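Novice: Following is a predicted model, sequence given first.
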Amino acid sequence: MIRWLTEPVPRGRVAAFRTLVYLFVAADLVFFTPWVRTRVSVPGELYQPLFIGRVLPLPTPTAALVSVIFWALLALALLAASGRAPRLLGWSVFLLYFEWMIIAMSYGKVDHDRFALLVALAVLPTVGRARHGDRTRTEAGGWALRVTQIAVICTYFLAAWAKLRFGGLDWLTGSVLARAIIRRGTELADLVAQVPYLLIVAQIGIVAFELLSPVVFVLRERWRLAMVGFFYSFHLVTMATITISFAPHLVAMAGFLPLERVRPVVWARRLVTRPRPGATGHEPTGDSVPAQEAVGGDAAAQEAVGGGAGQESAVGRPVGP
């Protein structure tokens with residue numbers, strides 16, 4: 001069990017996942033949850049903190065407190081996305097975002113799509129430094145990603161458990177999706193609703209896939225990625241029909257993907273260092289390509305796929321001795 005929990009992964013995967021998570025936190029403040037700042041206009045007696053907010057205890061939100069959290073979290077999340085000071089910045093982002101979520105969810109509605117993201121924010125600082133494209137394997141990074149994956153699957157499995165616990169088997173044959181389509185459905189949802197019994201079949205399918213989601217851990221890599229692709233397609237259909245977004249959950253689910261293949265630093269370096277037409281005093285014509293650029297392109301391509309035994313070659317020089 002310990003070996004499975006700490007299965008080593010490339011550090012580059014952790015670095016890419018960390019950048020994605022922290023950039024989403026910054027985007028979340030600006031695009032997805034800016035309404036949290038309006039909570040200060042609500043009377044303080046309507047603030048009913050979550051259990052953790054009562055245990056600590058945390059103060060009732062004020063305009064000053066929310067503004068400080070917003071700006072500090074926005075700046076720190078952008079800094080953390082660069083990979084610098086991963087522990088200091090990582091713990092700071094986690095604590096501030098945790099408080100941001102407590103404020104957001106303490107007025108009567110709790111979203112379950114942020115559970116896995118919060119877990120990811122809590123475990124990423126334990127990994128330490130990691131560079132994009134680094135293929136060195138790390139058990140600490142494997143543990144962080146595995147815990148995040150477990151949180152993702154728990155979100156599905158426990159959602160099905162809640163449906164059956166509170167709605168019973170009637171949830172499967174009831175009008176849950178029909179009500180959702182009436183409230184916030186799209187034109188595509190209207191077309192789906194016209195097909196007899198299709199919504200009932202969809203409800204049974206949703207619960208079945210949520211209960212079976214832990215199977216992803218026993219599949220081989222190829223089939224595991226295919227199942228994760230199905231998870232993403234499910235949320236795409238959900239967004240296209242009843243406009244419910246699971247963006248935080250989808251970001252956390254990227255912990256299943258081989259993100260070490262994503263190397264933005266290499267791509268940016270390639271764009272910056274690529275010779276421009278006319279730099280040598282003449283313009284290339286037709287299909288001709290300067291020899292130096294062609295060699296540099298081959299080196300960059302080999303570097304991107306891990307050629308040259310993982311060594312990075314200088315732009316314009318071939319990989320190898």
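Specialist: Yep, it's here.
Novice: Dihedrals phi and psi, P34?
Specialist: phi -70, psi -20 (degrees, to the nearest 10).
Novice: Distance-wise, check it relative to W100.
Specialist: 11 Å (CB to CB, to the nearest Å). Where you see a C-beta, it was placed from the backbone N, CA and C, and this is true even at glycine.
Novice: which one of those two has more residues nearby?
Specialist: Set P34 next to W100 and count neighbours by other CB atoms under 10 Å: W100 wins out with 21 against 11.
Novice: Report all helices and strands that the helix or strand harbouring the more buried one contacts.
Specialist: Counting by DSSP states H and E, the element that carries W100 is helix 86-104. Helix 86-104 is packed against helix 11-27, helix 63-80, helix 115-123, with contacts defined by 3 or more CB pairs under 8 Å, 6 or more residues apart in numbering; DSSP states H and E.
Novice: residues near R263, how many?
Specialist: Using other CB under 10 Å, R263 is surrounded by 21 other residues.
Novice: how far away is the nearest residue to it once chain neighbours are set aside from R13?
Specialist: Counting by CB to CB, 6 or more residues apart in numbering, R263 lies nearest to G133, which is 4.5 Å off, once chain neighbours are set aside. If you measure G133 against R13 using CB to CB, the figure is 10 Å.
Novice: what touches both of the two?
Specialist: Shared contacts of G133 and R13, defined by CB atoms under 8 Å, 6 or more residues apart in numbering, comprise E260.
Novice: Compare neighbour counts for these two and give me the winner.
Specialist: Taking other CB under 10 Å, G133 and R13 do not tie; R13 has more neighbours (27 against 22).
Novice: Spell out the residue ranges of the strands in the protein.
Specialist: 9-10, 137-138 (DSSP state E).
Novice: biggest helix in the chain by residues?
Specialist: helix 139-162 (DSSP state H).
Novice: between that one and helix 11-27, how big is the angle?
Specialist: 50 degrees (axes from the mean of the first three to the mean of the last three CA atoms, to 10 degrees).
Novice: What residues sit buried inside helix 139-162?
Specialist: Using 16 or more other CB atoms under 10 Å as the test for burial, helix 139-162 gives 140-156, 159-160.
Novice: now do stretch 169-181
Specialist: For stretch 169-181, by 16+ other CB under 10 Å, it's 171-172, 176-177, 180-181.
Novice: Just checking the distance from that stretch to the centre of its chain.
Specialist: Centroid displacement of stretch 169-181 relative to its chain, using CA atoms, centre = their mean, to the nearest Å, is 29 Å.
Novice: then that stretch to PDB, C-alphas only?
Specialist: What follows is stretch 169-181, C-alpha atoms only, in PDB (Å, rounded to 0.1, in the frame of the first residue of the first chain):
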ATOM      1  CA  LEU A 169     -33.400   4.800  -5.300                       C
ATOM      2  CA  ASP A 170     -36.000   7.400  -6.200                       C
ATOM      3  CA  TRP A 171     -33.100   9.600  -7.300                       C
ATOM      4  CA  LEU A 172     -32.500   7.300 -10.200                       C
ATOM      5  CA  THR A 173     -36.000   7.500 -11.500                       C
ATOM      6  CA  GLY A 174     -37.000  10.900 -10.300                       C
ATOM      7  CA  SER A 175     -37.000  14.300 -12.100                       C
ATOM      8  CA  VAL A 176     -33.600  15.600 -10.900                       C
ATOM      9  CA  LEU A 177     -32.200  16.300 -14.400                       C
ATOM     10  CA  ALA A 178     -35.600  17.600 -15.600                       C
ATOM     11  CA  ARG A 179     -35.700  20.200 -12.900                       C
ATOM     12  CA  ALA A 180     -32.100  21.200 -13.600                       C
ATOM     13  CA  ILE A 181     -32.900  21.600 -17.300                       C
END
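Novice: how many neighbours does the nearest residue to V36 once chain neighbours are set aside have?
Specialist: Using CB to CB, 6+ apart and skipping the chain neighbours, the partner closest in space to V36 is A104 (4.6 Å). Using other CB under 10 Å, A104 has 17 neighbouring residues.
Novice: Verify the contact between A104 and R37 for me.
Specialist: No - counting by CB atoms under 8 Å, A104 sits too far from R37 to count as a contact (10.0 Å).
Novice: which one of the strands of the chain is the most hemmed in?
Specialist: Neighbour counts (mean count of other CB atoms under 10 Å) averaged over each of these peak at strand 9-10, with a mean of 24.
Novice: What is that strand packed up against?
Specialist: strand 137-138, helix 139-162.
Novice: Make CSV out of these and add mean pLDDT and distance to L29.
Specialist: Shown next, in CSV, are these (pLDDT from 0 to 100; distance: least, CB to CB, whole Å):
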stretch, mean pLDDT, distance to L29
strand 137-138, 94, 29
helix 139-162, 96, 21
